[in-house]
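Q: For reference, the sequence and a predicted model appear below.
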Amino acid sequence: MSGPRPAPEARFDPLRGRWVIVAPGRSDRPHGQGAGAGGTPGAPPADCPLCPGHEAATPPEVARTGPGRPGEPGWRVRVVPNRYPIVAGGTGPSGGDDLRRRAPARGAHEVVVLSPDHGRSLARLGDAEVAEVLLVLRDRARVHAGRGRAACQVFVNHGPEAGASLGHPHAQLVATEWAPQDLVDEAARIGDGPGCVVCAEIERHRAEPALVVSSGEAELWCPWWSGTSYELLLAPRRHRARFEDAGTEVPAVGAALRDGLARLDSLLGDPPYNLGIHSRPAGAGGGGHWHVHVWPRVQRDAGFERATGTLVTTVDPADAAARLRRSRS
């Protein structure tokens, strides 16, 4: 593509009452570097921009853990701006009528390289390494919250079928100046204090343990209302609304997350998946309880699901949890 990439733009969908983002520059992303589901063992491609020694192939880093100077090897976790952002700092027209409302899609989009090793996904890192990744993600969410951004969505696309364009395992963070409606609605439904739905679900598992994969300071389970096969939900027992405020619970969440992904890996052969950390947006009411979703891509949604928004699960969540408990992590 020649010339500057067009800036991302937010457009309002009057049928659903929410914003979508039009980001044509995303079509320039590389594809197929590091074939397989991401983190597949083997020699990395010689031109992988996320491997050590290729630091100059990315935009200048904004954070790292580990020794070494910025832009040089030695890092354990590395954060760089996304070269093909969903949101950016550009300007553009705002306003429009009821059918053509638009605004610049302002914000920040960052890539968090999980480790220097091209062949180690989250499932294949150690518990302490996953905790370090989560702490880096938390700290970046704090940075963007401090800059007045309304929401920071952390996610992982594992494997090409889940949307990953690079094989080197990485997470992403998109900070937006508006709060996505799904996150606002979810926080309102979760509630706060004694009425927190997540806390109530964890407590109910004492009497109904069939859905639980692992339990401790963080609970990992297959939700009774799963929208896809082998869906996982993970939450710290400590009630806290926002991921950027997370503290002592992070290592337990990291260990449970690594365990759950390793069980999926063992049972289903390293399936593609999407992972999202949900946190109450700034300014949203209704409480909330930060948590992690994992949506394996082991079934394909079709016309009914797309047309109605009603998801169909083909494996009973209790059966999925039992199989995962029996699998090796």
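A: Done, it's in. Numbers count the residues shown, from 1 in each chain.
Q: where in this structure is pLDDT low?
A: Counting by pLDDT under 70, the chain has low-confidence residues at 1-4, 31-42, 90-92.
Q: in it, which spans are strands?
A: Here the chain has its strands, by DSSP state E, at 9-13, 18-22, 63-65, 77-81, 102-104, 107-113, 151-158, 170-176, 212-214, 218-221, 232-236, 273-278, 291-296.
Q: Could you export these to TSV, including columns for distance to residue 28 and mean neighbour count?
A: For the C-beta atoms, the positions are set from N, CA and C on the backbone; glycine is no exception. TSV is the format used below for those (distance: least, Cβ to Cβ, whole Å; neighbours: other Cβ atoms under 10 Å):
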stretch	distance to residue 28	mean neighbour count
strand 9-13	16	16
strand 18-22	15	14
strand 63-65	25	17
strand 77-81	15	22
strand 102-104	20	17
strand 107-113	14	24
strand 151-158	17	23
strand 170-176	16	23
strand 212-214	39	20
strand 218-221	37	25
strand 232-236	33	25
strand 273-278	22	22
strand 291-296	26	22
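Q: closest to residue 144 out of those?
A: strand 170-176 (3.7 Å; Cβ to Cβ).
Q: Which strand residues bridge the nearest residue to residue 232 once chain neighbours are set aside?
A: Nearest non-adjacent residue to residue 232, counting by Cβ to Cβ, 6 or more residues apart in numbering: residue 294, 4.0 Å away. For residue 294, the beta-bridge partners are residue 232, residue 275 (DSSP bridges).
Q: From residue 299, how far out is the closest residue to residue 154 other than its chain neighbours?
A: In this structure, residue 154 finds its nearest non-sequential neighbour in residue 277, 4.1 Å apart by Cβ to Cβ, 6+ apart. Using Cβ to Cβ, to the nearest Å, we find residue 277 at a distance of 23 Å from residue 299.
Q: Now do the residue of the chain most remote from its centre against residue 69, distance only.
A: Computed with Cα atoms, centre = their mean, the residue of the chain farthest from its C-alpha average is residue 97, at 33.6 Å. Distance, residue 97 to residue 69, by Cβ to Cβ: 52 Å.
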